[in-house]
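Q: No letters, just coordinates:
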């Protein structure tokens, strides 16, 4: 699931069905690239995720795009 939040509202909410477990990095990157096209270039982007966000490729892409990745431990 990916939500784009502005203030207290979710503007975009995308859900992709898959098998139990982590999605591939390529799925995450594809989704981020798609959503980034919907946002103004000057918009600050913070990614909040769980263990799926520990991929070096995802972190590298986010850094190059000026995004900040925050990984949360979710029980």
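A: Thanks, I have it. The structure displayed is predicted, hence computed values, not measured ones.

Q: Quickly list what the residue nearest to the spatial centre of the chain is bridged to.
A: With distances taken as CA atoms, centre = their mean, the chain has residue 47 as the residue nearest its mean C-alpha position (4.9 Å). With beta bridges defined as DSSP bridges, residue 47 has these partners: residue 69.

Q: Can you list the low-confidence ranges for the chain?
A: By pLDDT under 70, the low-scoring segments of the chain are 1, 12-14, 21, 71-75.

Q: just checking, what packs against the longest helix belonging to it?
A: Across the chain, the helix with the greatest residue count (assigned by DSSP state H) is helix 25-36. In terms of contact count using 3 or more CB pairs under 8 Å, 6 or more residues apart in numbering; DSSP states H and E, helix 25-36 is assigned the packing partners strand 2-6, strand 9-14, helix 56-64. Just so you know, the C-beta spots here come from the backbone N, C-alpha and C atoms, and that holds for glycine as well.

Q: Can I get those in TSV including mean neighbour count and distance to residue 26?
A: Rendered in TSV, the data for these read as follows (neighbours: other CB atoms under 10 Å; distance: least, CB to CB, whole Å):
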stretch	mean neighbour count	distance to residue 26
strand 2-6	13	15
strand 9-14	10	16
helix 56-64	13	9
